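S.K.: Predicted model and sequence follow; I will ask about them next.
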Amino acid sequence: MDIAQELLNGSRLALSRAITAIENEYDEATDIMRKLYPHTGNAFVLGITGPPGAGKSTLTDRLATAYRKMGKTVGIIAVDPTSPFSGGAILGDRIRMNDLTLDEGVFIRSMGTRGSLGGLSQKTADAVKAMDAFGKDIIFVETVGVGQSEVDIVKAADTTMVVLIPGMGDDIQAIKAGILEIGDVFAINKADHDGADKLNIELNMMLDLDGNMSDWRPPIQQVVASQSKGIDELIAKIEEHYAHIKENGQLTIKRTERTRNEILDILHGSIGRHITKKIVDTGKLDDYVQQIKEHEADPYSIVSGIIKDMLK
Amino acid sequence: MEKRIRVLVAKPGLDGHDRGAKVVARALRDAGFEVIYTGLRQTPEQIAEAALQEDVNVVAMSILSGAHPHLFPKIVKLVREKGLTDALIIGGGVIPEGDIPALKEAGVAGVFTPGTPTGDIIKFIKENVK
């Protein structure tokens, strides 16, 4: 089937197959993305990040439900870590989103970080585009906020929400994780637990110290996702941020920057795949390793040789 | 190429026991599969829709309540209707020997009863997945 055309015609199976092609780096993925690209750029992309157990999936579920009530269609990309040992993963975010499964206006896709060679952020960005072209009004990208690749994913969002919970340690934890810089909106979940107010104050103090802040001061909203408390207020703050960056031109700047990174990412990705095909799959890599082992060559000259060959 | 076998581990029906499903999920993860676990008490419609959205290669169902003669064939039918014609569908749980031929007839490719080593399930998936 013509996946891109079917997707644009509204086939959920085609959307699903398109994301598989992106994830598995099938050759046809480039062609699909090329056809979908002109239809992208309409969705609002909300990044959701925070430590494991903060309630990101539950909060995503509640936000999605609220947006559905407002008549918006929703896409959700839930990223969970792949085991570096087995390459496998347990993707469990759907457990918190079961009520959304049968809503035709919602499409949820779980992704493992996989990524031995990086490129996860590009794959997530392409999955977002597929949902965007499919016609979703708002797309949530949910991921554990640790490490470079996750921060890269979140950078692809228009608005980034950081979810925190009380009792995770003192205010130093907040600076060291680097989460203050990426949050446009902060949600303190499980706010019915002890320490929510204290966390609120600490977070505010840390934000006070931020000298690089633009004209947007990230607001903090306390919520209890499991009881759907504070959801409407949180949405108001998210929407306020989106309106703000639209108005002051920041959204255009962000998206321009994203396009720039996109070209570089796609370039790096295709070069990486090209190298894998020519060097790894052909068994040449093993030959090189053997040569080095026998002191016939060194890795630096081998790489120079490969690059010379490629540029011919 | 970064292809991974994706498996939906599903608990249809009303029994609340998912230790078995979780043991299988973990074994499949350790075998390098991507396992999507959706939690307890799923309707056949929810399972089929999740299978579609996740574009899984395998749907693995677990039932301990005795509702398998009704639910397993229904899930097979719904998954096929969604267009997932190639997905391998397997089931496990407390299933009497006598029920197995009818389940296979209905399209459940493999049925695994208590005591099955997880390695057998992994082997079956690897040999039969498309």
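M.R.: Looks like it arrived, so ask away.
S.K.: in stretch A:226-244, what counts as buried?
M.R.: Residues of stretch A:226-244 classed as buried by neighbour count (16 or more other C-beta atoms under 10 Å in any protein chain shown): A:Lys229, A:Gly230, A:Ile231, A:Leu234, A:Ile235, A:Lys237, A:Ile238, A:His241, A:Tyr242, A:His244. Just so you know, the C-beta spots here come from the backbone N, C-alpha and C atoms, and that holds for glycine as well.
S.K.: right, and the fourth one touches A:Ile220 too?
M.R.: If I follow you right, that is A:Leu234. No: contact criterion C-beta atoms under 8 Å: A:Leu234 and A:Ile220 do not qualify, at 10.1 Å.
S.K.: So A:Asn9 versus A:Asn42, what's the distance?
M.R.: Distance of A:Asn9 to A:Asn42, given as C-beta to C-beta, to the nearest Å: 17 Å.
S.K.: same thing with B:Ile90?
M.R.: Shown here: B:Ile90 relative to A:Asn42, a distance of 40 Å by C-beta to C-beta.
S.K.: These two - which one has more neighbours?
M.R.: Regarding B:Ile90 and A:Asn42, a neighbour count based on other C-beta atoms under 10 Å in any protein chain shown identifies B:Ile90 as having more, with 22 against 10.
S.K.: Wait, that one touches B:Ile122, no?
M.R.: No: taking contact to mean C-beta under 8 Å, the distance of 11.3 Å between B:Ile90 and B:Ile122 leaves them out of contact.
S.K.: Enumerate every residue touching the residue nearest the centre of chain A.
M.R.: By C-alpha atoms, centre = their mean, the mean C-alpha position of chain A lies nearest to A:Ile153, the distance being 3.4 Å. The neighbours of A:Ile153, taking C-beta atoms under 8 Å, 6 or more residues apart in numbering or on different chains as the test, are A:Gly47, A:Val79, A:Leu120, A:Ser121, A:Thr124, A:Ala125, A:Val141, A:Thr143.
S.K.: Please pick the buried ones from these.
M.R.: Under a neighbour-count criterion of 16+ other C-beta under 10 Å, the subset of these counted as buried comprises A:Gly47, A:Val79, A:Leu120, A:Ser121, A:Thr124, A:Ala125, A:Val141, A:Thr143.
S.K.: Contacts only, for the second one.
M.R.: Under the criterion of C-beta under 8 Å, 6+ apart, the contact list for A:Val79 reads A:Ser110, A:Met111, A:Gly112, A:Thr113, A:Leu120, A:Thr124, A:Val141, A:Glu142, A:Thr143, A:Val144, A:Glu150, A:Ile153.
S.K.: domain assignment for chain A?
M.R.: For chain A, the domain assignment from automatic domain parsing gives the residue ranges A:39-248, A:266-310.
S.K.: Quick one: closest of the ones you listed to B:Tyr37.
M.R.: For the domains of chain A, proximity to B:Tyr37 was assessed by C-beta to C-beta; domain A:39-248 is nearest, at 5.0 Å.
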